[in-house]
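Novice: here is a sequence with its predicted model. Questions after.
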Amino acid sequence: MSFQAYLDNIEDKTGLTPRQFIALAQEKGFDDPSTKAGVIVDWLKADFDLGRGHAMALVHIIKNGEKIDTKHVGSGTAHSDSSDTLWLDGKQNRPA
């Protein structure tokens, strides 16, 4: 499953876009560089019933924003993405 597919699945499950999760994390101070991933994972599990893999996808965008490593772009693997930029504003708003 691609990184973008993880984010899309999270949106399907929770009704929240990745950008909304970033805002919620900022309100809690979880965007602070010193915040450990485990703290964010625990919050996402408790409040949204997200598993570790999906939570770690959100940890990445909370900490690093929309860019992913280009080694995952067009690799032809199950985790391949079509771009190094993730869409964070909801599946319905994604440009065609």
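Specialist: Thanks, I have the structure now. Numbering: from 1, shown residues only.
Novice: sketch out the low-pLDDT regions of this structure for me.
Specialist: Residue ranges of the chain with pLDDT under 70: none are present.
Novice: helices of that one, residue ranges please.
Specialist: Ranges of helices in the chain, per DSSP state H, are 3-14, 18-28, 37-48, 52-64.
Novice: out of these, nearest to Gln92?
Specialist: Proximity to Gln92 (CB to CB) singles out helix 3-14 among these, at 9.2 Å. C-beta here means a position set from N, CA and C on the backbone, and glycine is covered the same way.
Novice: buried residues, that closest one. List them.
Specialist: When burial is assessed from 16 or more other CB atoms under 10 Å, helix 3-14 yields the following buried residues: 3-4, 6-8, 10-11, 14.
Novice: which residues are in contact with the most centrally placed residue in the chain?
Specialist: Centrality entry for the chain: nearest residue to the mean C-alpha point is Leu58, 3.1 Å, by CA atoms, centre = their mean. By CB atoms under 8 Å, 6 or more residues apart in numbering, Leu58 lies in contact with 7, 10, 18, 21, 25, 40, 44, 50.
Novice: please apply the same query to Asp49.
Specialist: So Asp49 contacts Lys13 (CB under 8 Å, 6+ apart).
Novice: hmm, back to that, out of the helices of the chain, flag the one nearest Pro95.
Specialist: Checked against CB to CB, the stretch from these lying closest is helix 3-14, at 12.9 Å.
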